[in-house]
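Chemist: model this:
(2 chains, ligands or ions: 2)
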Amino acid sequence: MKTRQLAVLSGKGGTGKTSLVASLAALAGRAVVVDCDVDAANLALLMPGSDGPTESFYAGRRARILEERCAACGRCTEVCRFGALTFQGSRLVVDRLACEGCGACAHACPNAAVAYDDNLAGDWWVRPVAEGLLVHARLGIAQDNSGKLVASLRKTGRELAERDGYELVLVDGPPGIGCPVHAALSGVDALLVVTEPTVAAEHDLRRIVGLAARFEVPTGVVINKHDLVPGACERLERSCAELKVPILGRIPFDPLVPERASRGRPALAASAGTAEALADVWSRAQEKLLSGEPNGSNPHLTGA
Amino acid sequence: MKIAVASGKGGTGKTLIATHLAWALARAGEPVTYVDADVEAPNGHLFLRPEIAEERPVSVAVPAMVRPTCAGCGDCARACAFHAMLAAKDRVIVLPELCHSCGLCLEICPERVLEERPRRLGVVCEGRAGPIRFLSGVLDVGEARATPLISALASSLSAEGTTIIDAPPGTSCPAMEAVRAADLVVLVTEPTPFGLHDFELAVQMCRALGKRAYAVLNRVGLGQTPMDEAFARHGTPLVASIGFDAAISAASAEGRMADESSETLKKGLLELLLRLGEDWQSLSPAVNP
Ligand code: SF4
Ligand code: SF4
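Modeler: Ligands and ions are numbered 1, 2, ... in the order given. Predicted coordinates for the structure are as follows:
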């Protein structure tokens, strides 16, 4: 069984990744879909089903002061580089949002007064959906482990796909180009970048295409809302040519898309023109991006 | 006063609000600093078109082996909570993208072979867009750690005048770091199920940081999701609404400010300014002529 992994990213947020992924899943018919935008996971709103049991995701640890041992010497406050330890009177307090669990304070403490608690970084679920399985998560507020959580969801998604014989894993990635995006991109077979004809989206497209080149991932572009502003698309098309990334499709602006989303339906369920354009994207993505040999194992899939 | 413009979901119009708010305040005679803290996808410069006077590289400290006397004990690698160090027989290998720059390994090494070396993450650009002091962080493509760059931005802020921080999307570290620097948060959302869902997460982030937040609703008319109940439940008053407007789309497509051409944006900005003015007495004369 050859499982292929296709990531969908955008650099700039709000260009329509999630709607596209839900539509591609429906067009593919059978897939494991992994929502890697763990800060703002929205795919579950478009892919109805009931979640399996809530799984906890632990990552890192947080310092705790054992007050009965603490002599309030303050050595730990000198070594902590994250400003997580402060005195309130003679009592030491740990700011659990600032602590990174590095262990420097415990090393410095002459009285062994620092203990560590495992850090609950988020929850995740597997949801059976019409197309197969949705793996999605919620990163705890103010957590810094998004890359690790993404890597762990990806691993789960791939294992489920292999176990149940799915040929396609669709990865809905986070915005940006930082840590969680690296985790979403590493080891995939191909990347679709969703952009739109605005200067901001175009600017961020350049950055994400640059990142994909470093990861050596074959990349194609989908232009969303291509007709929203007359004439605006041409500049974007020139940029794609300059970046040497093929345009795999153009999706029209369609006010029915948010309206359908309000009812939990993907863009595919909006106007006929939109559905047609999406079907086109899917057939070209298969032909241009997914016809080669799969990437196989993912040596880089470690997260950060 | 420092105001962060944030949202859980990307693409709701943070930069639109942040850049126009900066302009409106500057026009009213207020000294304004605009800070683009969306360092992974910084876009404010496309609209404010600043002249950049200075680019300062931002680095983090990452350990390196500077003396050949490594005993191969591996103590540093075992101590590193982030698995950023691999011990070989007579040397160590540092994985800089995993390092958190905590400094513990330097303390641990009995042979003192490690020292910190700077590793560049990106730049802070500083300049002026007319009357506005402009600051922007730009993460280098290929670097993973956005947060130290945002901290560097936060430390170049002054207490004078008004600072508008264009925050990155999301609710994890980078967004937090940007919001942490602010006195007040303006959360931009849209009336879609995604907008609602991510707004609720953003409110929780503000709460965790102890920040007061206002809501601005953008692209009214394009989605139908009712938002009022969520605004009320979270105690986040809706202070401005902006309709979906082709004039704003056109300006975004071309990289222009849209307040001249969009009535709904003009009206929304005024609502926002009036509310902020109530909050901050010294601002009131400027917006309440
Ligand atoms: S574990 Fe590290 S970050 Fe946390 S309080 Fe101790 S020194 Fe600071
Ligand atoms: S500085 Fe801290 S995070 Fe970096 S390698 Fe040393 S122990 Fe690990």
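Chemist: How much space separates the residue nearest to A:Val114 when sequence neighbours are not counted from A:Ala113?
Modeler: Of all residues not flanking A:Val114 in the chain, A:Ala106 sits nearest, at 4.0 Å (CB to CB, 6 or more residues apart in numbering or on different chains). C-beta: built from backbone N, CA, C; applies to glycine. A:Ala106 is 9 Å from A:Ala113, where distance means CB to CB, to the nearest Å.
Chemist: How is chain B partitioned into domains?
Modeler: By the record's domain assignment, chain B is partitioned as B:2-58+B:122-287, B:67-112 (automatic domain parsing).
Chemist: is any part of the shortest one close to chain A?
Modeler: What it means is domain B:67-112. Yes: using CB under 8 Å from any CB of the partner chain, domain B:67-112 reaches chain A at B:79, B:81-82, B:97-98, B:100-104, B:107-108.
Chemist: hmm, stretch B:158-167 in reach of chain A?
Modeler: No: Stretch B:158-167 does not reach chain A (CB under 8 Å from any CB); its nearest approach is 11.3 Å.
Chemist: quick one: contacts of that stretch?
Modeler: Applying CB atoms under 8 Å, 6 or more residues apart in numbering or on different chains, the contact partners of stretch B:158-167 are B:1-7, B:14-15, B:18-19, B:21-22, B:25, B:30-38, B:44, B:157, B:175, B:178-179, B:181-182, B:283.
Chemist: Drop anything exposed from the residues you listed.
Modeler: For these, a burial check counting by 16 or more other CB atoms under 10 Å in any protein chain shown picks out B:1-7, B:14-15, B:18-19, B:21-22, B:25, B:30, B:32-38, B:44, B:157, B:175, B:178-179, B:181-182, B:283.
Chemist: Narrow these to those in strands?
Modeler: B:2-6, B:32-36 (DSSP state E).
Chemist: pull the helix or strand with minimum mean pLDDT from chain A.
Modeler: helix A:256-262 (a mean of 90; mean pLDDT, DSSP states H and E).
Chemist: from the stretch 1-150 of chain A, which residue is nearest to ligand 2?
Modeler: For the stretch 1-150 of chain A and ligand 2, the shortest gap (CB to the nearest ligand atom) falls at A:Cys102, measuring 5.8 Å.
Chemist: returning to what we had before: need the ones in strands among the buried ones among the contacts of stretch B:158-167 in JSON lines (columns: distance to A:Gly49 and pLDDT).
Modeler: Shown next, in JSON lines, are those (distance: CB to CB, whole Å; pLDDT from 0 to 100):
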{"residue": "B:Lys2", "distance to A:Gly49": "43", "pLDDT": "96"}
{"residue": "B:Ile3", "distance to A:Gly49": "40", "pLDDT": "97"}
{"residue": "B:Ala4", "distance to A:Gly49": "36", "pLDDT": "98"}
{"residue": "B:Val5", "distance to A:Gly49": "35", "pLDDT": "98"}
{"residue": "B:Ala6", "distance to A:Gly49": "31", "pLDDT": "97"}
{"residue": "B:Val32", "distance to A:Gly49": "48", "pLDDT": "97"}
{"residue": "B:Thr33", "distance to A:Gly49": "47", "pLDDT": "97"}
{"residue": "B:Tyr34", "distance to A:Gly49": "43", "pLDDT": "98"}
{"residue": "B:Val35", "distance to A:Gly49": "42", "pLDDT": "98"}
{"residue": "B:Asp36", "distance to A:Gly49": "39", "pLDDT": "98"}
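Chemist: Please identify which two of the residues you listed are farthest apart in space.
Modeler: Farthest pair in these (CB to CB) is B:Ala6 and B:Val32. Separation: 18.0 Å.
Chemist: care to break chain A down by domain?
Modeler: A:4-47+A:130-301, A:59-120.
Chemist: show me where the stretch 151-289 of chain B has helices.
Modeler: Ranges of helices within the stretch 151-289 of chain B are B:173-180, B:193-209, B:228-233, B:246-254, B:263-279, B:284-287, based on DSSP state H, counting those that start in this stretch.
Chemist: Which pLDDT value belongs to the residue of chain B found nearest ligand 1?
Modeler: Here chain B gets closest to ligand 1 at one residue, B:Cys102, 5.9 Å apart by CB to the nearest ligand atom. For B:Cys102, the pLDDT comes out at 96.
Chemist: Name all residues that make contact with it.
Modeler: A:81-82, A:100, A:102-104, B:81-82.
Chemist: Now rank the residues you listed by neighbours and give me the top one.
Modeler: Highest neighbour count within the contacts of B:Cys102, by other CB atoms under 10 Å in any protein chain shown: A:Ala104, with 28 neighbours.
Chemist: Isn't it up against B:Leu104?
Modeler: Yes: counting by CB atoms under 8 Å, A:Ala104 does reach B:Leu104; the two are 4.5 Å apart.
Chemist: And ligand 1, is the biggest strand by length in chain A touching that?
Modeler: Longest strand in chain A, counting residues (DSSP E): strand A:114-129. No: on the criterion CB under 6 Å from any ligand atom, strand A:114-129 is out of touch with ligand 1, staying 6.6 Å away.
Chemist: and that strand, what does it pack onto?
Modeler: Applying 3 or more CB pairs under 8 Å, 6 or more residues apart in numbering or on different chains; DSSP states H and E, we find strand A:114-129 packed against strand A:55-65, helix A:104-108, strand A:132-139, helix A:146-164.
Chemist: so what strands line up beside it?
Modeler: Note on strand A:114-129: by DSSP bridges, its sheet partners are strand A:55-65 (antiparallel), strand A:132-139 (antiparallel).
Chemist: With distance to B:Met257 added, can I get the ones you listed in JSON lines?
Modeler: Converted to JSON lines, the strands paired with strand A:114-129 look like this (distance: least, CB to CB, whole Å):
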{"stretch": "strand A:55-65", "distance to B:Met257": "42"}
{"stretch": "strand A:132-139", "distance to B:Met257": "34"}
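Chemist: and those strands, which is most packed in?
Modeler: Using mean count of other CB atoms under 10 Å in any protein chain shown, the stretch among the strands paired with strand A:114-129 with the largest mean neighbour count is strand A:132-139, at a mean of 25.
Chemist: Show me what it is in contact with.
Modeler: A:25, A:30-35, A:38-39, A:41, A:43-44, A:47, A:49, A:57, A:121-128, A:145-146, A:149, A:153, A:156-157, A:160, A:164, A:166, B:171-172.
Chemist: the strands in chain A, which residues?
Modeler: So, for chain A - with DSSP E - the strands run A:4-9, A:31-35, A:55-65, A:85-88, A:91-94, A:114-129, A:132-139, A:168-172, A:190-195, A:219-224, A:247-251.
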